[in-house]
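Enquirer: Return atomic coordinates for the entry below.
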Amino acid sequence: MDFQFGSIDVGAGDSTGSFFWYVISAIGMWPMLTKAGFPGWGGFIPIWNIYLQIKLAGRSGVLIFLYLVPLVNIIVALTVAVGISRAFGRGAVYGVVMLCLLQPIGFLITGFGSARYLPVHRGGERLVRDA
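Expert: Numbering: from 1, shown residues only. Presented below is the predicted three-dimensional model:
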């Protein structure tokens, strides 16, 4: 069954694809959150998972309100993705490409891969040092 919103046709396949995108992202978030000491099931709760991503990036939770501002939310999402990638020992390009643009794949690779969570302080100094 297809619906039409203005000149945009929206079919059942569009919503099904979005649902699978979300579920695969949440499955990938589970081990990422567990590595960081957060409850893994938090990846399945819609607003809470964004808050947890912000915390993984080492940012203030108040940043979640900036996701409501158009265009600013793109910058915030990129900043959070880069912060998460750095917290897991990856670079900024990995954060932009894999954790922002190809989010489910990046979450699966980061979560189920060998990356360790090393929280970063705002000044850029790691809070946990290698022994």
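Enquirer: Report the residue spans of the protein with pLDDT below the cut-off.
Expert: Judged by pLDDT under 70, the chain has its weakly predicted residues at 1-13, 120-131.
Enquirer: just checking, what packs against the helix of greatest length in it?
Expert: Longest helix in the chain, counting residues (DSSP state H): helix 12-35. Here helix 12-35 touches helix 46-56, helix 103-112, going by 3 or more CB pairs under 8 Å, 6 or more residues apart in numbering; DSSP states H and E. All C-beta spots, glycine's among them, are computed from the backbone N, C-alpha and C.
Enquirer: In CSV: those helices, plus mean neighbour count and distance to residue 96.
Expert: Converted to CSV, the helices and strands packed on helix 12-35 look like this (neighbours: other CB atoms under 10 Å; distance: least, CB to CB, whole Å):
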stretch, mean neighbour count, distance to residue 96
helix 46-56, 18, 14
helix 103-112, 20, 10
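Enquirer: Is it possible to get a markdown table of the ones you listed that adds distance to residue 21?
Expert: A markdown table is the format used below for the helices and strands packed on helix 12-35 (distance: least, CB to CB, whole Å):
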| stretch | distance to residue 21 |
| --- | --- |
| helix 46-56 | 13 |
| helix 103-112 | 6 |
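Enquirer: out of those helices, which comes closest to residue 67?
Expert: helix 46-56 (6.4 Å; CB to CB).
Enquirer: moving C-terminal of that closest one, what's the next helix or strand?
Expert: Using DSSP states H and E, the helix or strand that follows helix 46-56 in sequence is helix 72-87.
Enquirer: relative orientation of that following helix and helix 103-112 in degrees?
Expert: Here the directions of helix 72-87 and helix 103-112 differ by 20 degrees (axes from the mean of the first three to the mean of the last three CA atoms, to 10 degrees).
Enquirer: Fine by me, we can end here.
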